[in-house]
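**Q** here's my sequence, what's the structure:
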Amino acid sequence: MLGKEISPVLLLLVGLTACSSPATHTAYVTLPTDNAVAAYRINNSSAAFTTIVGSPYLTGASPAAIVVHPSGKYAYVANRIDNTISLFRIDSLIGSLSEIMPRTPTALDPVAMVMNSGGNLLFVTNQVSSSISVYSINSGSGALSLVGGTPVSLPPNPVSLAVTPSGKFLYVVNSNLGLVFGFSVTGSGSLQPISGSPFASGAGAFAVAVDPGEKFVYVANSSANTVSILAISSSGALSPVSGSPFAAGTAPVSVAVSTNGQYLYIANASSNNITEYSIDATTGFATAILGSPVGAGTAPLFLVPDPNGNFIYVISQSAKTVTAYSITSGTGALATSVESATTAAAAGGMFVSKQ
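**A** Prediction:
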């Protein structure tokens, strides 16, 4: 920008964002048909959305999953058609993105990603290749390196995955078989099948989540219209809790757990609502929250928990919206916030960061 006058409006926007940053956090939404990522700042209390200067940012072809490094320095985007992962540097002041080339090649159709809490390993589901890849992350540059022994082959159509908070176990859902494949994760990132894996879930198993206490795995079974709750043993093996599977709405496609682990939410794409449960911390038994299910507009496809524990963000692809639902303290019931953002195109994935 040497030799050019900086717009006072831009300075004002940057200044306002910087001043408000302690009371806000960032969110990034992939836009597959636009080959881009939209970026927002969200108020911690009101959930008001503000578009970050420069958004949306170009990615590879058909971006799907996005994850942000725990340091807040880097974001990673899986590009399904390119078969690549884009690495972005995140501006520490305003949260804007700038891509670091070259992109990292993947196996065919990287559709889902998760990162361990230590920020040194990235796990990727390759749907067409029917495999799981693991990448080590350079702490200085954010660059990815494929871990030896991966990709690991799986039966056709792995669709989603989740890693436990400790990083010890990885769970991958197979929609065709209604199964959960479990792996123990070594320090280097190599994967070893857990004894007894795969574990039964339900017809059309589609989405998976792990609670913050690393006690339970939750699986949305889209064809069975249920959610399975599976207890995690010390070895990582899974077993259904009493009462599992539990009822959901029609075509459940996403699950989210509150940050305190007390509440479970299931997005039902065809019944246009969200099923709400409170979870017994010891047994994992699910009890419907009074007023459940709550309406969720048109075809809710993704649920993303707020890292501060105040909201659940609901993505509707058909309506092209991201809406904040506040979590009622003490009951876990969801209430639609007046705050939402309209995306330029249907969303493919979302990540909400603390920063």
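**Q** against Pro56, how distant is the closest residue to Thr343 other than its chain neighbours?
**A** Spatial nearest neighbour of Thr343, excluding adjacent residues (C-beta to C-beta, 6 or more residues apart in numbering): Lys320 at 4.9 Å. Just so you know, the C-beta spots here come from the backbone N, C-alpha and C atoms, and that holds for glycine as well. For Lys320, the distance to Pro56 equals 13 Å [C-beta to C-beta, to the nearest Å].
**Q** list residues touching both of those two?
**A** Ala344 (C-beta atoms under 8 Å, 6 or more residues apart in numbering).
**Q** tell me which of the two has more neighbours.
**A** Pro56 (21 against 16; other C-beta atoms under 10 Å).
**Q** picking up where we left off before, so what's the residue nearest to Thr343 up against?
**A** Lys320 neighbours (C-beta under 8 Å, 6+ apart): 342-347.
**Q** what does the host helix or strand of Ala341 contact?
**A** Using DSSP states H and E, Ala341 sits within strand 334-342. Residues from elsewhere that reach strand 334-342 (C-beta under 8 Å, 6+ apart): 29, 38, 40, 43, 46-49, 51, 265, 274, 276, 294-295, 311-312, 320-328.
**Q** same question, stretch 200-207
**A** Counting by C-beta under 8 Å, 6+ apart, 159-160, 173-175, 177-180, 219-224, 226, 228, 230, 240, 245, 252-255 sit against stretch 200-207.
**Q** roughly how far out does that stretch sit from the chain middle?
**A** 18 Å (C-alpha atoms, centre = their mean, to the nearest Å).
**Q** CA-only coordinates of it, as CSV, when you get a sec.
**A** Presented in CSV, the C-alpha positions along stretch 200-207 are these (Å, rounded to 0.1, in the frame of the first residue of the first chain):
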residue,chain,number,x,y,z
ALA,A,200,-23.0,-50.4,15.3
SER,A,201,-24.8,-47.1,15.0
GLY,A,202,-27.9,-46.9,12.9
ALA,A,203,-29.2,-46.7,9.3
GLY,A,204,-27.8,-43.8,7.4
ALA,A,205,-25.3,-42.8,10.0
PHE,A,206,-24.3,-39.3,8.8
ALA,A,207,-22.8,-37.1,11.5
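**Q** buried residues, it. List them.
**A** 200-207 (16 or more other C-beta atoms under 10 Å).
**Q** how about stretch 244-251?
**A** Buried-residue list, stretch 244-251, by 16+ other C-beta under 10 Å: 244-246, 248-249, 251.
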